[in-house]
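K.L.:
output the structure for:
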Amino acid sequence: MDAREHILETAISLFYSRGCKAVTMDEIASEAGISKRTLYEHFSDKEALLEAGIQWWNKKAQDAMEVITKEAENTLDILLRVHHFQSEQMVKMSIDLISDIKKYYPQVFKNSVLASREQHRHRTKAFLLRGQAEGIFRADINIDLINDLLELMFYMIHDNNKALVQKYSYEEFFRCTTICFVRGISTEKGLNYMEQHYGKKKRYDNTM
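P.N.:
Numbers count the residues shown, from 1 in each chain. Have a look, this model is predicted:
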């Protein structure tokens, strides 16, 4: 790992656990074991570091999702694993991070956060359409509406309802959103697959 990547990893770890407003460049330099001057040689300010860090993290998440896609047995397995992974990351994230970025760094929010969400939205729609073609998801569902609802569950709840995120455990959150929701749009073939495989928790372990 080179110096720049080490800084990004350190910064994202701090931003992720505490939100970006509370973390200073001094703290990042100290945690990374470098001088503040060295930090500024790589990144002009905290906004530049935050944007680079989010892009670095998104690339790691994308790599993890590619592994999931290769290992999964079918589209339903892919969708469950991907949304498990995403839900796990969001539930562990500081409840202030996204609101901090949106409020204090709106351009970073637009360039990195919203861009990442749009990419995920396109992937999810592709998985849903593929699932219909495989006979796993019902043919009579509105794919765009389903995609909108999934997006609301995983983003709007975390963005706008801190009490809900704090109240429920990750397992409750995942089971009562994705699992129940996906069962509702699955065909008998999809339901049978879920009955046979969902109990194997290892299928949905974190890939990163």
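K.L.:
buried residues in the helix or strand harbouring A52?
P.N.:
For A52, the host element (DSSP states H and E) is helix 46-71. Buried residues in helix 46-71, counted by 16 or more other Cβ atoms under 10 Å: 46, 49-54, 56-58, 61, 64-65, 68. C-betas here are computed from N, CA, C, even on glycine.
K.L.:
just the pLDDT for the spatially most distant residue from the centre of the chain.
P.N.:
No residue in the chain sits farther from the centre than R37, which is 32.4 Å out by Cα atoms, centre = their mean. R37 carries a pLDDT value of 95.
K.L.:
against which helices or strands is the helix holding A52 packed?
P.N.:
helix 3-18, helix 25-32, helix 75-92, helix 106-108, helix 115-133 (3 or more Cβ pairs under 8 Å, 6 or more residues apart in numbering; DSSP states H and E).
K.L.:
still on that earlier bit, can you pull the contacts of the residue farthest from the centre of the chain?
P.N.:
Applying Cβ atoms under 8 Å, 6 or more residues apart in numbering to R37 gives no contacts.
K.L.:
now swap in the one 5 residues further on and tell me
P.N.:
With contact taken as Cβ under 8 Å, 6+ apart, H42 is in contact with A3, R4, I7, L49.
K.L.:
where does the spatially most central residue of the chain land on pLDDT?
P.N.:
Centroid-nearest residue in the chain, with Cα atoms, centre = their mean: Q86, separated by 3.6 Å. Listed pLDDT for Q86 reads 74.
K.L.:
buried subset of the contacts of H42 as a ChimeraX selection?
P.N.:
In ChimeraX syntax, the buried subset of the contacts of H42 is picked out as below (16+ other Cβ under 10 Å):
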select :7,49
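K.L.:
turn the contacts of H42 into JSON lines, columns for distance to A126 and pLDDT.
P.N.:
JSON lines is the format used below for the contacts of H42 (distance: Cβ to Cβ, whole Å; pLDDT from 0 to 100):
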{"residue": "A3", "distance to A126": "37", "pLDDT": "93"}
{"residue": "R4", "distance to A126": "33", "pLDDT": "95"}
{"residue": "I7", "distance to A126": "34", "pLDDT": "97"}
{"residue": "L49", "distance to A126": "32", "pLDDT": "97"}
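K.L.:
could you dump the contacts of H42 to CSV with distance to A22?
P.N.:
As requested, the contacts of H42 are exported to CSV (distance: Cβ to Cβ, whole Å):
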residue, distance to A22
A3, 24
R4, 23
I7, 18
L49, 15
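K.L.:
out of the contacts of H42, which is nearest to L191?
P.N.:
L49 (46.4 Å; Cβ to Cβ).
K.L.:
distance of A139 relative to F15?
P.N.:
Using Cβ to Cβ, to the nearest Å, A139 is found at 43 Å from F15.
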